[in-house]
Each structure stands twice: as C-alpha cells, then as structure tokens.
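*Asks:* Quick one, fold the following:
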Amino acid sequence: MNRARLDRLLRDTSRSGVFRASSLIMRELHATAEAAGFATVRIDLGTAGNKTELIERLATALVFPDWFGRNWDGLADCLGDLSWLPAAGYLILIEHCDDFHARLGEDFAIALQVFAEAADAWRDARVPFWVLVDAHADGLSFLPDVG
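*Replies:* Model (predicted):
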C-alpha cells in the first residue's frame with residue numbers, strides 16, 4: 001500500500017474517528033502511524049471475557065493514570081485527556097473482537113460510543129485520533145480511501 005497516502009489519511013483530522021478495517025490495513029496503518037510519531041496501541045479482545053477486561057486492557061495499553069475510575073465515565077475522561085501520552089496523534093487498534101461483540105454486544109456498543117465521543121473531541125482540537133476495529137459491528141463504516 002502507498003505509505004504516503006496512508007500518512008495523509010492518518011493526519012487528516014477531519015476524517016479521523018472509529019472505523020472497521022481489515023487486519024492487513026490495520027498492520028499497514030500501525031507502521032505508518034508509528035513512523036509519524038503517533039501513540040499506537042493494539043488491544044486484543046480475543047480472550048477478553050467481560051467489560052472489566054476490556055477496560056483493563058485499554059488502561060494498560062494506554063498507561064492510564066492512577067486516578068482512572070475503571071468504568072465507562074473514567075474511560076471517557078482518560079480518552080479525552082491523554083496528557084500523560086503526548087503524541088502527534090493516536091491510533092488504537094481493537095483486534096479479534098468478533099467473539100466479544102457476539103457475547104457482549106451492549107458493552108461493545110458502549111465502548112464504540114465512548115471512542116466516537118473521544119474522536120469527536122480530538123477532531124475539534126485538530127489532533128488525529130483513530131480507533132480501528134476488526135469486528136462486523138452494526139453501523140460502523142469501513143475506513144475510507146485506503147486503496
């Protein structure tokens with residue numbers, strides 16, 4: 001894939017948000033984002049059994065501070081701040097989540113909503129913030145223009 005095109009996409013804050021993406025695209029974007037100075041994290045939900053494990057994996061990967069409340073509100077607060085993780089932008093890859101989505105659809109939908117609200121806030125601040133998932137979640141669009 002064209003690395004320059006992926007770099008332009010990642011830096012375009014007007015297009016950042018929460019999207020579905022294939023594993024191949026996620027790998028390419030991960031490498032491109034790291035080269036661009038983004039904070040990048042991969043969250044594997046393949047063995048996550050519940051909401052608590054989802055939140056803990058996010059907290060660990062994003063090095064959330066001690067004051068993190070370990071609930072949806074706390075997740076929203078931390079994703080909207082990230083002052084302890086300064087970067088040119090942010091890329092969160094949520095992998096192997098179809099099983100989690102199938103078992104805990106409501107929690108998965110809430111997590112996507114929290115991510116979308118954080119993406120909106122970062123977009124307003126003109127900071128790239130991307131969350132890519134490999135699940136077939138209802139209402140979630142595919143990542144645009146990566147071909």
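
*Asks:* which SS state does the residue most central in space within the chain fall under?
*Replies:* Residue closest to the average C-alpha location in the chain (C-alpha atoms, centre = their mean): residue 131, at 2.5 Å. Taking DSSP: H, G, I helix; E, B strand; the rest coil as the rule, one finds residue 131 in the strand state.

*Asks:* do you know how far it is from residue 66?
*Replies:* Residue 131 sits 24 Å away from residue 66, going by C-beta to C-beta, to the nearest Å. For every residue, glycine as well, the C-beta is placed using N, CA and C.

*Asks:* How about residue 117?
*Replies:* Distance from residue 117 to residue 66, counting by C-beta to C-beta: 23 Å.

*Asks:* More neighbours: the two, which one.
*Replies:* Ranked by neighbour count (other C-beta atoms under 10 Å), residue 117 and residue 66 place residue 117 first, with 14 against 4.

*Asks:* And the contacts of the helix or strand encompassing that one?
*Replies:* Using DSSP states H and E, residue 117 maps to helix 105-124. In this structure, residues lying in contact with helix 105-124 by C-beta atoms under 8 Å, 6 or more residues apart in numbering are 13-14, 16-18, 50-51, 54, 72, 75-76, 79-80, 90, 92, 97, 100-101, 128-131, 133, 135, 137, 140.
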